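Q: Structure for this input, please:
(4 chains)
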Protein chains: 2
Amino acid sequence: MNKAEILIIDDEAQIRKLLQINLESNDYRVITAASGHEGLSLAANHSPDLILLDLGLPDISGHKILQELRQWYQKSIIILSVMDNESDIVKALDNGATDYLTKPFRTGELLARIRAAIRRNLDPDQTTIKVYGDLEVDFGARMVKKNQETLKLTQTEYNLLVLFIKNEGKVLTHQFILKEIWGYSYQMETQYLRVFVGTLRKKIEDSPNLPKHIITESGIGYRFQ
Amino acid sequence: MNKAEILIIDDEAQIRKLLQINLESNDYRVITAASGHEGLSLAANHSPDLILLDLGLPDISGHKILQELRQWYQKSIIILSVMDNESDIVKALDNGATDYLTKPFRTGELLARIRAAIRRNLDPDQTTIKVYGDLEVDFGARMVKKNQETLKLTQTEYNLLVLFIKNEGKVLTHQFILKEIWGYSYQMETQYLRVFVGTLRKKIEDSPNLPKHIITESGIGYRFQ
DNA sequence: AAACATCTTTATAAAATCTTTATAAGGCGA
DNA sequence: TCGCCTTATAAAGATTTTATAAAGATGTTT
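A: So this is what the prediction gives:
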């Protein structure tokens, strides 16, 4: 399991320590900075998953740091501040802060807000991409590329290709394929399959008459490699 | 130009009125619901850009509503509640709330948190302006230009375009698009989509009958490139 | 109220895809 | 080589899906 890394930028040693202990016991990795300059430098070197930033730092104004960070840092920045005046809050949020908490804060709430912020960082792009030589299949985007070119596959062709890929290397009988793609009652329609294997080969093979990917197993079925 | 739509779910008429006036004068479109059931139904029929949800509703518990919404609604939900106990806050945030504000709240802060939440509906790495050849989309200003000319897009057309851009390259199913743009209860209305893709193509494509951007994936949906 | 913009619905033509048929081509044993 | 069986391909016919116009409905502005 990969632990998320959190950068704390706060000049008060006590708060840093308190936060660090709390966060580490909740399975985060923590790095700390006691000044604005140190914070900016650590952020640049670590690119942490989340930054906790105190607005009241001695060397640079917190708002300034926020602006600097947002030039390049896209992940979550939560502001922790003793300042409870509205204009600070509005300014921070409009400058790209993810959230704003006023000290003293409740630890449970802070942790929940951190979880929410980190959850949002993850792009839900769990794109599984498979590559077979010149062929590239992106299941998340439902896209097939050949030599960088996006192919246009019909639904049936795509389903067929996915079935082949799922069973890469195995010999699939005509009946099995027909049952999977068209349904139980189509098991005798071997000719369907020939037509669609034909069109699919035309699209994904370099030379459809000498196929590299979809291999004919005469009398049995097909095999994908 | 194109206004974001906000759904208020709160049983207190006074608060609804106050919020509505404030939001409308800040260039949002507002719809309101006085109960949990009404709120769920409105959300499903509008798919608003943001939902303001009061936890203390008479008919359904706010936490329950939040969970129901999160089954399909992926945009921002800000909780407004008189309950200031930590466990409610933690529970709401862990159930997918975007933010949590305790009543009474400061209007300026609420507006700033709303701006931040709506900004976040877009990709986190989204620069304010995206360019696709002759097409230029300014998310901050909610404006679209083609060959320097500002296009006049309706709400729905704009929302549709933004959804396409957010999922550039991916094949989006009809159902997914309908759910995101029109709401959960519109998933069967494929013909809507055809009409709006048609009008959108007329505006953003050079030759709408040979589209370069919005590609038809017959039997499945559309893909933006 | 009239004018306008937008959304929803219906109708129909066009395009894409699927199914079926026909025929050619390939492989293998006698 | 021939005949038989399996496979490949083209193409016609059937069906489904999509595009587009346009009418009706709704809501907003003047």
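
Q: Quickly note the distance from A:Lys170 to A:Gly221.
A: Counting by CB to CB, to the nearest Å, the separation of A:Lys170 from A:Gly221 is 10 Å. All C-beta atoms are positioned from the backbone trio N, CA, C, and that covers glycine.

Q: now the strands for chain A?
A: In chain A, the strands defined using DSSP state E lie at A:5-9, A:29-33, A:50-54, A:76-81, A:99-102, A:129-132, A:135-138, A:143-146, A:149-150, A:171-173, A:214-217, A:221-224.

Q: Show residues contacting the lowest-mean-pLDDT helix or strand in chain A.
A: Least confident helix or strand, chain A: strand A:129-132 with a mean of 86, by mean pLDDT, DSSP states H and E. Outside strand A:129-132, the residues within contact range by CB atoms under 8 Å, 6 or more residues apart in numbering or on different chains are A:Glu136, A:Val137, A:Asp138, A:Phe139, A:Gly140, A:Ile165, A:His213, A:Gln225.

Q: what's the most distant pair in those?
A: A:Gly140 and A:Gln225 (23.4 Å; CB to CB).

Q: Could you list the contact residues of chain A toward DNA strand D?
A: Within chain A, the positions near DNA strand D by CB under 7 Å from any atom of the strand are A:174, A:190-191, A:194-195, A:197-198, A:201-202, A:208-209, A:216-220.

Q: Least reliable of the strands of chain A by average pLDDT, please.
A: When those are compared on mean pLDDT, strand A:129-132 scores lowest, with a mean of 86.

Q: so what's A:Lys203 closest to, chain neighbours aside?
A: Closest residue to A:Lys203 apart from its sequence neighbours, by CB to CB, 6 or more residues apart in numbering or on different chains: A:Leu151 at 5.4 Å.

Q: Count the residues that sit near the residue lying closest to A:Asp138 once chain neighbours are set aside.
A: Of all residues not flanking A:Asp138 in the chain, A:Ile129 sits nearest, at 4.9 Å (CB to CB, 6+ apart). Using other CB atoms under 10 Å in any protein chain shown, the number of residues around A:Ile129 comes to 12.

Q: again, but for A:Thr150
A: With neighbours defined by other CB under 10 Å, the count for A:Thr150 comes to 16.

Q: That one and A:Met143 touch, don't they?
A: Yes. Here A:Thr150 reaches A:Met143: they are 6.1 Å apart, a contact under CB atoms under 8 Å.

Q: all helices of chain A, in order?
A: Remark: helices assigned in chain A by DSSP state H are A:13-24, A:36-46, A:62-70, A:86-94, A:107-121, A:155-166, A:174-181, A:190-204.

Q: nearest to B:Leu110, of those?
A: helix A:86-94 (9.8 Å).

Q: Spell out whether the closest one and chain B are in contact.
A: Yes. Judged by CB under 8 Å from any CB of the partner chain, helix A:86-94 and chain B are in contact via A:Glu86, A:Ser87, A:Ile89, A:Val90, A:Leu93, A:Asp94.

Q: got these as CSV, with neighbour count and pLDDT columns?
A: Formatted as CSV, these follow (neighbours: other CB atoms under 10 Å in any protein chain shown; pLDDT from 0 to 100):
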residue, neighbour count, pLDDT
A:Glu86, 14, 95
A:Ser87, 11, 95
A:Ile89, 23, 96
A:Val90, 20, 97
A:Leu93, 25, 96
A:Asp94, 13, 95
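
Q: Fine by me, we can end here.
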